[in-house]
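Peer 1: build me a model:
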Amino acid sequence: MPNFKSIETGLKFIPVDFSEQVQPGTFEYALCHLIDHELDLESLRARVHNDQGGAPAYDPAVLLKIVLLGYSRGMTSSRQMAQACDNVVLFIAVSGDSHPHFSTIAGFVAELGDSVSALFTEVLLVCQRQHLIGQEMFAIDGVKLPSNAAKAKSGSRKDFQRQARKMEKAVKAMVERHQSADGSAERENSVRSLEKITSLQREAATIRQWLRRNPQDRRSAKGKLRLNNRTDNDSAKMATDKGVIQGYTGVAAVDAKAQIIVQAHAHGSGSEQDALIPAVDASAAWRTAQTIICADAGYHSEANLEALAARGIDAYICDNGYRKRDARYAGQEKHKEKPDPLWDKGEKPKKARLFSPSDFKLAEDHSHCVCPAGKRLYANGRHCDIHGYLAMKFKGTVRDCVACPLRAQCLRTPTKTRIRQVAFFQGKRAGHNRHTEAMKQKIDSDAGKRMIGARFATVEPVFGNLRYNKGLNRFTLRGQQKVDGQWKLYCLVHNIEKLAHHGYGVG
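Peer 2: All right, here's what the predicted structure looks like:
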């Protein structure tokens, strides 16, 4: 029988040289070298005011090392980081045997604010000095992540006012029942109702207080209503391929040479189109006149393309239909048949087909059209502009439509809509979507197809690294400024990791 050496798996006291734990070429080595020799942390240190007395404070350099090392190891919780500083030799070595409380770490991250932007820029200067920024092509994209906000507490001010009135009405009814209660059984029920009354009163008061603090609904840049959120009013409801979330979009502009993130910001508008031009303008310091901007279809709009053209920027922005025009994507529907544990890709049941404009017969003189039931619809506008297209509009009469037996096949909501309207399109308005049509031709060219592939290869691995390797599946803070700071910290981790892979600080 073999005779093996014994092994020890329990507690053992051994001498540890902390300087030997941080090996050259690793992320933690690049992190420590960067913070100790490159970054200016005086603005963070100036926040500490204990010169005249009090307990010694933790150096911001130490806390920054702990947070970035924790993020690089997939730790999003300050409790996990604090525990690692007590038990993990690498964290003990990097922090210099510091043992901050988890609340100290959490408070440090929450209070960083705009200081992260300055640190992010300093790291980019180091990346440029190491020749990691090629400035040939920037790929811009975003990732939608849940935030520390309750989706159920979203709505307009009218929604919240209606909720408060409903709660106050319920409280009034419960109070009246409580006052008229007699008998032991009803008194016992009254005790439970008192708890419910208190809870409803507290919630109604919270809603009323929020309404006083926020006298206006949120609006988009175009003036459209955006839903408020009583937990985090800077966040937004966002549609993703896994459903609707309440959160923020983390936007990143990534350089193609070494996948360095040159610009990062988080926004809660829920619209990707609003984020393109700010990202382009914020990355201006790192671009040259020859730098190409690439983005996916979520950032495509005539206004964005016009703004890029006005700035003289060479860009490739996909439209929603580019896959249908590209032979490389032929047959992609077969992938929807593959099972997905998180999302049902199967074909959804189709709604009953309603009469379309093709089912209406247009008169030769364009004075009217005839519906499938044989009734006339009369002209309601000859030269209408609908999203840049010239159209003729017609509508039926109340006499014909209300009594029509085909209402259910003609109207989406026959119980609410009285008459049918239909539009016949005559082509695009002259000069409309000029930049969109030019971009389609650009995207469909051989150069455009190459740029689409380059964009995928540049930006998608970055989000894969942050989301899956680093465990960023949600933002843990509230408020746009704090979430923006947390997103930049994760992007810092990615850039420092790139520096480490290219031998930064060694030799």
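Peer 1: let me know the pLDDT of the residue lying closest to residue 301 once chain neighbours are set aside.
Peer 2: Using CB to CB, 6 or more residues apart in numbering and skipping the chain neighbours, the partner closest in space to residue 301 is residue 273 (4.8 Å). In this view, the C-beta of every residue, glycine as well, is placed from N, C-alpha and C. Looking at residue 273, its pLDDT is 85.
Peer 1: and for the one 5 residues further on?
Peer 2: What the model reports as pLDDT for residue 278 is 91.
Peer 1: my guess is the residue nearest to residue 301 meets residue 298, correct?
Peer 2: Yes: contact criterion CB atoms under 8 Å: residue 273 and residue 298 qualify, at 7.2 Å.
Peer 1: show me what the least confident helix or strand in the chain by mean pLDDT is packed up against.
Peer 2: Scoring the helices and strands of the chain by mean pLDDT, DSSP states H and E places helix 184-213 at the bottom, with a mean of 79. Counting contacts by 3 or more CB pairs under 8 Å, 6 or more residues apart in numbering; DSSP states H and E, helix 184-213 packs against helix 157-179.
Peer 1: in the helix it packs on, which residues are buried?
Peer 2: Using 16 or more other CB atoms under 10 Å as the test for burial, helix 157-179 gives 157, 160, 163-164, 167-168, 171, 174, 178.
Peer 1: packing partners for it?
Peer 2: Other helices and strands packing on helix 157-179, by 3+ CB pairs under 8 Å, 6+ apart, are helix 184-213.
Peer 1: what is the orientation angle of the helix it packs on with helix 157-179?
Peer 2: Taking axes from the mean of the first three to the mean of the last three CA atoms, to 10 degrees, one finds helix 184-213 and helix 157-179 inclined to each other by 150 degrees.
Peer 1: what separates stretch 480-488 from the chain centre, distance-wise?
Peer 2: On the basis of CA atoms, centre = their mean, to the nearest Å, stretch 480-488 sits 12 Å off its chain's mean C-alpha point.
Peer 1: same question for that stretch, mean pLDDT?
Peer 2: The pLDDT scores in stretch 480-488 average 93.
Peer 1: with just CA atoms, put that stretch into PDB.
Peer 2: Below are the C-alpha coordinates for stretch 480-488, written out as PDB (Å, rounded to 0.1, in the frame of the first residue of the first chain):
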ATOM      1  CA  GLN A 480     -27.300  58.800 -11.100                       C
ATOM      2  CA  GLN A 481     -24.100  60.200  -9.700                       C
ATOM      3  CA  LYS A 482     -23.400  57.300  -7.400                       C
ATOM      4  CA  VAL A 483     -24.300  54.700 -10.000                       C
ATOM      5  CA  ASP A 484     -22.100  56.500 -12.600                       C
ATOM      6  CA  GLY A 485     -19.200  56.400 -10.100                       C
ATOM      7  CA  GLN A 486     -19.700  52.600  -9.600                       C
ATOM      8  CA  TRP A 487     -19.800  52.000 -13.300                       C
ATOM      9  CA  LYS A 488     -16.600  53.900 -13.800                       C
END
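Peer 1: contacts for that stretch next, please.
Peer 2: Identification of contacts with stretch 480-488 by CB atoms under 8 Å, 6 or more residues apart in numbering yields 109-110, 112-117, 119-120, 147, 234-235, 248, 250, 264-268, 475-477.
Peer 1: the same query, at a cut-off of 7 Å, please.
Peer 2: Identification of contacts with stretch 480-488 by CB atoms under 7 Å, 6 or more residues apart in numbering yields 109-110, 112-113, 116-117, 120, 147, 234, 248, 250, 264-266, 268, 475, 477.
Peer 1: so where is this structure shaky, pLDDT-wise?
Peer 2: For the chain, applying pLDDT under 70 flags the ranges 181-191, 221, 332-350, 387-388, 428-433, 507.
Peer 1: and it, what are its domains?
Peer 2: The chain breaks down into these domains under automatic domain parsing: 18-47+56-111, 137-148+233-331+434-484, 157-216, 357-419.
Peer 1: quick one: residue 200 and residue 171 touch, right?
Peer 2: Yes: here residue 200 reaches residue 171: they are 5.0 Å apart, a contact under CB atoms under 7 Å.
Peer 1: which one in this structure is furthest away from the centre?
Peer 2: residue 1 (61.1 Å; CA atoms, centre = their mean).
Peer 1: got the contact list for that one?
Peer 2: Counted by CB under 7 Å, 6+ apart, residue 1 has zero contacts.
Peer 1: with residue 95 instead?
Peer 2: 62, 65-66, 85.
Peer 1: what do you get for residue 287?
Peer 2: Applying CB under 7 Å, 6+ apart to residue 287 gives the contacts 135, 138.
Peer 1: so who does residue 504 touch?
Peer 2: Taking CB under 7 Å, 6+ apart, we find residue 504 in contact with 30, 130.
Peer 1: how many neighbours does residue 91 have?
Peer 2: Using other CB atoms under 10 Å, residue 91 has 25 neighbouring residues.
Peer 1: please identify the helix or strand for it.
Peer 2: Element membership of residue 91 [criterion: DSSP states H and E] is helix 89-94.
Peer 1: just the buried residues of that helix, please?
Peer 2: Result for helix 89-94 [16+ other CB under 10 Å]: buried residues 90-94.
Peer 1: now residue 280. Nearest residue, chain neighbours left out?
Peer 2: residue 293 (6.0 Å).
Peer 1: okay but the one you found is in contact with residue 138, surely?
Peer 2: Yes: the criterion here is CB under 7 Å, and residue 293 meets it with residue 138 at 5.6 Å.
Peer 1: between these two, who's got more neighbours?
Peer 2: Neighbour totals were compared for residue 293 and residue 138, and residue 138 leads with 30 against 24 (other CB under 10 Å).
Peer 1: can you verify that one is assigned to a strand?
Peer 2: Yes: looking at residue 138 with DSSP: H, G, I helix; E, B strand; the rest coil, it is inside a strand.
Peer 1: so after the helix or strand hosting residue 280, what's the next helix or strand?
Peer 2: Using DSSP H and E, residue 280 sits in helix 273-282. Once helix 273-282 ends, the next helix or strand along the chain (criterion: DSSP H and E) is strand 292-295.
Peer 1: how big is the angle separating the helix or strand following that following strand from helix 273-282?
Peer 2: For strand 292-295, the following helix or strand on the C-terminal side (DSSP H and E) is helix 302-310. With the same axes, to 10 degrees defining the directions, helix 302-310 sits at 10 degrees from helix 273-282.
Peer 1: strands paired with the helix or strand just after helix 302-310, and their directions?
Peer 2: The helix or strand immediately downstream of helix 302-310 is strand 314-317, counting by DSSP H and E. Applying DSSP bridges, strand 314-317 is found paired with strand 292-295 (parallel).
Peer 1: tell me what the helix or strand where residue 380 lies is packed against?
Peer 2: In this assignment (DSSP H and E), residue 380 forms part of strand 376-386. On a contact count with 3 or more CB pairs under 7 Å, 6 or more residues apart in numbering; DSSP states H and E, strand 376-386 meets strand 368-370, strand 389-395, strand 421-428.
Peer 1: helices or strands up against the shortest one?
Peer 2: Right, the one you point to is strand 368-370. When contacts are defined as 3+ CB pairs under 7 Å, 6+ apart, strand 368-370 sits against strand 361-362, strand 376-386.
Peer 1: the shortest one pairs with which strands, parallel or anti?
Peer 2: Strands flanking strand 361-362 in the sheet, each with its direction: strand 368-370 (antiparallel) (DSSP bridges).
Peer 1: report the buried residues of the strand it pairs with.
Peer 2: Across strand 368-370, burial judged by 16+ other CB under 10 Å covers residue 369.
Peer 1: just the residues contacting that strand, thanks.
Peer 2: Residues outside strand 368-370 that contact it (CB under 7 Å, 6+ apart): 360-363, 376-379, 394, 422.
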